[in-house]
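Trainee: got a structure for you, letters missing:
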């Protein structure tokens with residue numbers, strides 16, 4: 001980290017006042033500190049972005065305050081106070097020192113004195129001595145920055161000790177014995193490779209045992225995220241979910257699951273042998289997943305699902321675990337406090353899959369909307385778990401995840417069983433850089449820093465939304481939209497009531513919505529295109545119509561990769577790493593796409609790499625392609641079809657684990673798509689996009705699902721490069737058949753209920 005001191009000179013001082021500062025700056029440079037100057041005449045409110053950058057990137061801040069002992073300058077004192085308070089919003093630890101000639105505690109208000117680290121007066125000591133004082137503050141600050149595990153890992157990597165343990169590259173030296181290895185070494189750098197170590201390094205602690213510096217960092221992270229217990233996971237939240245489930249659920253246990261959950265939850269059902277009942281969300285005709293109605297979570301509704309299940313023989317059994325996606329891919333989040341209260345003692349454990357909500361506990365916009373919060377009311381019997389992907393919205397490396405636990409009032413969390421499940425799913429050779437990123441990511445969110453980072457994400461997302469809406473009002477023909485409430489053309493943060501879903505609002509397009517139960521997270525931005533409304537209305541021929549996959553292909557070729565593609569939408573994620581430059585570049589690229597569409601530009605000019613892969617599109621215009629693909633979607637009424645396959649009743653034939661076991665044992669046959677209706681799938685069927693499982697092993701394949709799969713095949717043949725794929729469907733070697741592994745029909749395929 002560069003040792004950078006920011007010198008703030010808000011206004012010109014009296015004649016001759018510049019000279020002492022010049023001498024101090026020269027001494028700071030001799031001491032090896034980099035200097036950055038910030039001259040703003042006290043107008044800090046106009047440059048909040050610059051203030052945030054100063055607060056986060058500086059090793060120390062030196063604020064120059066010229067005061068006359070006889071006549072204190074109230075405006076200068078007020079400006080200093082505003083500056084200090086503004087910096088502290090973003091960083092509560094960076095050293096801030098006041099520099100002047102006659103500064104005393106009598107002149108500086110208490111509000112400033114309580115938030116600074118010292119006062120430096122010219123002439124009282126030599127410039128070199130003052131520089132050493134500032135250097136000491138910098139060293140102290142930097143020495144405390146690294147959390148326990150990251151600090152221990154840096155010490156070990158910098159120690160220069162020879163390694164006689166795995167990995168075999170021995171701190172990167174093996175790569176230097178090969179030309180391609182040297183390229184690899186130079187690309188990733190020596191620090192990463194020296195820090196890639198074996199679990200035999202005792203001074204780093206053990207991830208599997210949660211000991212040493214790793215345990216220290218997990219305890220600090222638990223405090224930051226307001227959990228009773230927190231565990232780092234290096235295999236992603238897919239593994240976090242399986243750890244939670246394997247610590248709680250066994251064969252035959254009843255589990256209640258969000259039907260549109262992540263596939264790792266369904267994998268956990270297969271692994272544990274659980275018997276699922278499903279909570280059914282709504283869905284709009286644009287393909288956006290909506291909330292599960294409040295009525296689905298009542299004890300009566302859950303008991304009715306148990307009674308109706310053909311797989312559950314003992315209807316008196318309790319629900320072992322209820323799992324809920326919080327938030328959905330598209331940003332719908334539930335009032336978690338309400339669910340914790342209403343489900344207490346109804347289910348033994350409550351699991352919030354918060355892969356997309358690790359930021360929820362750091363801003364008041366999400367109060368009551370995140371699962372674990374040990375400063376709020378506890379449950380009496382139901383243990384609450386949350387699994388979070390720190391790599392998705394915070395600053396973790398890919399696969400960085402964490403498990404949060406909030407215990408009950410009487411302590412029902414069994415850490416001994418949990419430890420065994422953790423070891424079952426965690427590698428004995430974890431990637432230490434991922435552990436360090438879990439550690440650092442948590443430290444970045446500690447104190448006021450977390451709130452400031454999340455608030456900045458919200459602000460940037462709101463500015464992007466408002467920009468898209470404003471441009472739409474100015475375009476005479478067509479423009480893009482953003483799914484969400486109509487945002488007033490003001491600045492600043494969103495107001496919570498605007499983002500809560502209500503039954504009388506038409507913007508969301510959902511049929512069943514409960515007031516005061518769910519909200520849309522504004523940082524999850526769904527960019528919409530003309531061609532389809534949330535109510536399933538396709539644009540008429542000749543009207544602007546832009547399928548999402550076409551825009552996604554165009555953007556990818558121009559350096560913009562989006563998170564998810566819908567029929568006529570793209571999903572844009574505003575993480576804490578998003579900048580103004582990034583989203584303004586996206587807006588500029590949307591303008592260029594619009595010009596190309598309006599001018600019907602040739603596809604090979606706009607997307608040469610894509611055309612090289614699919615030469616059949618050469619010579620065609622962008623608008624012509626969009627209109628023809630739109631006609632294909634409209635004629636097949638894909639909006640209705642893709643809604644029906646996710647919302648129609650599901651027929652469970654056999655437990656998921658039984659179906660999987662049959663496939664592993666070879667008791668399946670691969671059935672062509674056109675003959676699938678009525679058969680029982682042995683695999684997950686998961687269309688991409690959006691990547692939400694459609695059927696679970698052991699469920700009956702309906703006629704509408706067959707129609708969808710056949711249409712998917714037709715699209716792939718007619719529109720190569722502009723279609724998705726369904727995992728679980730196999731392309732046979734002859735190229736003409738697509739099949740799905742189904743249970744062999746007969747008595748063996750239907751085991752007795754649990």
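Mentor: Thanks, I have the structure now. The structure displayed is predicted, hence computed values, not measured ones.
Trainee: Residue 375 touches residue 226, doesn't it?
Mentor: Yes - here residue 375 lies in contact with residue 226, judged by CB atoms under 8 Å, at a distance of 5.6 Å. Glycine gets a C-beta too; all of them are placed from N, C-alpha and C.
Trainee: Name the residue in those two with the higher neighbour count.
Mentor: It is residue 226, of residue 375 and residue 226, that has more neighbours when counted by other CB atoms under 10 Å, with 17 against 6.
Trainee: Show the pLDDT at residue 486.
Mentor: Residue 486 is assigned 80 on the pLDDT scale.
Trainee: For it, grab the count of nearby residues.
Mentor: Per other CB under 10 Å, the neighbour tally for residue 486 reads 11.
Trainee: separation between it and residue 495?
Mentor: Using CB to CB, to the nearest Å, one gets 13 Å for the distance from residue 486 to residue 495.
Trainee: Residue 449 too?
Mentor: On the measure of CB to CB, residue 449 and residue 495 end up 24 Å apart.
Trainee: okay, how far is it across stretch 95-106, tip to tip?
Mentor: Between the opening and closing residues of stretch 95-106 lies a distance of 21 Å (CA to CA, to the nearest Å).
Trainee: Off-centre distance for it?
Mentor: Centroid separation between stretch 95-106 and its chain, computed with CA atoms, centre = their mean, to the nearest Å, is 43 Å.
Trainee: which residues sit against it?
Mentor: Stretch 95-106 has contacts (CB atoms under 8 Å, 6 or more residues apart in numbering) with 17, 20-21, 24, 59-69, 80, 84, 87-88, 108, 112-113, 115-123, 134, 137-138, 140-141.
Trainee: where are the low-confidence patches of the chain?
Mentor: For the chain, applying pLDDT under 70 flags the ranges 1-2, 11-17, 40-49, 68-72, 160-161, 163, 488-489, 734-736, 746-754.
Trainee: Tell me which other helices or strands the helix or strand hosting residue 662 touches.
Mentor: Here residue 662 is covered by helix 656-664, with elements defined by DSSP states H and E. Identification of packing neighbours for helix 656-664 by 3 or more CB pairs under 8 Å, 6 or more residues apart in numbering; DSSP states H and E yields helix 263-272, strand 738-743.
Trainee: Recalculate using a threshold of 10 Å.
Mentor: Other helices and strands packing on helix 656-664, by 3 or more CB pairs under 10 Å, 6 or more residues apart in numbering; DSSP states H and E, are helix 263-272, strand 275-279, strand 738-743.
Trainee: Mean neighbour count and distance to residue 370 added to these, as TSV?
Mentor: Converted to TSV, the helices and strands packed on helix 656-664 look like this (neighbours: other CB atoms under 10 Å; distance: least, CB to CB, whole Å):
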stretch	mean neighbour count	distance to residue 370
helix 263-272	21	18
strand 275-279	23	19
strand 738-743	22	38
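Trainee: Now tabulate these in TSV and tack on distance to residue 509.
Mentor: What follows is the helices and strands packed on helix 656-664, written out as TSV (distance: least, CB to CB, whole Å):
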stretch	distance to residue 509
helix 263-272	25
strand 275-279	20
strand 738-743	31
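Trainee: To residue 167, which of the ones you listed lies closest?
Mentor: helix 263-272 (27.2 Å; CB to CB).
Trainee: could you pull out the strands for the stretch 351-500 of the chain?
Mentor: According to DSSP state E, counting those that start in this stretch, the stretch 351-500 of the chain carries its strands in the segments 383-389, 401-406, 481-482.
Trainee: other SSEs contacting the second one?
Mentor: Okay, so that is strand 401-406. Where contact means 3+ CB pairs under 10 Å, 6+ apart, strand 401-406 is packed against helix 212-224, strand 229-233, helix 236-246, strand 347-353, strand 383-389, helix 390-393, helix 415-425, helix 432-444.
Trainee: could you give the angle of the longest helix anywhere in the chain to helix 432-444?
Mentor: In terms of residue count, the longest helix belonging to the chain (DSSP state H) is helix 448-474. Taking axes from the mean of the first three to the mean of the last three CA atoms, to 10 degrees, one finds helix 448-474 and helix 432-444 inclined to each other by 90 degrees.
Trainee: Report the angle between helix 448-474 and helix 212-224.
Mentor: 60 degrees.
Trainee: If you count contacts, what does helix 448-474 end up packed against?
Mentor: In terms of contacts (3+ CB pairs under 10 Å, 6+ apart), helix 448-474 is packed against helix 48-57, helix 74-90, helix 432-444, strand 481-482, strand 524-528, strand 569-573, helix 580-598.
Trainee: Could you look up the next helix or strand downstream of the first one?
Mentor: Sequence-wise, the next helix or strand downstream of helix 48-57 (DSSP H and E) is strand 60-64.
Trainee: Could I get the buried residue list for that following strand?
Mentor: By neighbour count, and taking 16 or more other CB atoms under 10 Å as the criterion, the buried residues in strand 60-64 are 60-64.
Trainee: now swap in stretch 248-259 and tell me
Mentor: With the criterion 16+ other CB under 10 Å, stretch 248-259 contains buried residues 248-249, 252-259.
Trainee: what's the answer for stretch 137-144, then?
Mentor: 137-138, 141.
Trainee: and of those, the nearest to residue 352?
Mentor: Nearest to residue 352 out of these is residue 141 (CB to CB; 35.9 Å).
Trainee: ok, the nearest residue in space to the closest one that is not next to it in sequence - how many residues close by?
Mentor: Setting aside the residues directly before and after it, residue 141 is nearest to residue 95 in space (CB to CB, 6 or more residues apart in numbering), at 5.3 Å. Residues contacting residue 95 under the criterion other CB under 10 Å number 20.
Trainee: Now residue 95. Its backbone dihedrals?
Mentor: Geometry field for residue 95 lists phi and psi as phi -60, psi 130, criterion degrees, to the nearest 10.
Trainee: circling back: now render the buried residues of stretch 248-259 as TSV, adding distance to residue 428 and secondary structure.
Mentor: What follows is those, written out as TSV (distance: CB to CB, whole Å; DSSP: H, G, I helix; E, B strand; the rest coil):
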residue	distance to residue 428	secondary structure
248	23	coil
249	24	coil
252	31	coil
253	28	coil
254	33	strand
255	29	strand
256	34	strand
257	30	strand
258	32	strand
259	35	coil
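Trainee: Looking at those, spot the one nearest residue 466.
Mentor: Out of these, the member with the shortest distance to residue 466 (by CB to CB) is residue 258, at 31.7 Å.
Trainee: Show me what the closest one is bridged to.
Mentor: Following DSSP bridges, residue 258 is listed with bridge partners residue 279.
Trainee: Now do it against residue 136, distance only.
Mentor: In this structure, residue 258 and residue 136 are 54 Å apart, going by CB to CB.
Trainee: With residue 66 instead?
Mentor: Per CB to CB, residue 66 is found 25 Å from residue 136.
Trainee: Residue 481 now?
Mentor: Here residue 481 is placed at a distance of 55 Å from residue 136 (CB to CB).
Trainee: go on, residue 180?
Mentor: Note on residue 180: its distance to residue 136, by CB to CB, is 46 Å.
Trainee: Comparing those two, which residue is more hemmed in?
Mentor: Neighbour totals were compared for residue 180 and residue 136, and residue 136 leads with 12 against 8 (other CB under 10 Å).
Trainee: angle of the helix or strand harbouring that one against helix 432-444?
Mentor: Taking DSSP H and E as the criterion, residue 136 maps to helix 127-145. When the same axes, to 10 degrees is applied, the directions of helix 127-145 and helix 432-444 differ by 110 degrees.
Trainee: residues making contact with helix 127-145?
Mentor: Contact with helix 127-145 is made by 1, 3-5, 20-33, 58-60, 62, 91, 93-97, 99, 117-118, 120-122, 124-126, 151, 440, 443, as judged by CB atoms under 10 Å, 6 or more residues apart in numbering.
Trainee: Okay, and which of the residues you listed map to strands?
Mentor: 4-5, 60, 62, 96-97, 99, 118, 120-121 (DSSP state E).
Trainee: a markdown table for the helices and strands packed on helix 448-474, including mean neighbour count?
Mentor: Compiled in a markdown table, the helices and strands packed on helix 448-474 are given as follows (neighbours: other CB atoms under 10 Å):
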| stretch | mean neighbour count |
| --- | --- |
| helix 48-57 | 17 |
| helix 74-90 | 18 |
| helix 432-444 | 24 |
| strand 481-482 | 21 |
| strand 524-528 | 24 |
| strand 569-573 | 23 |
| helix 580-598 | 16 |
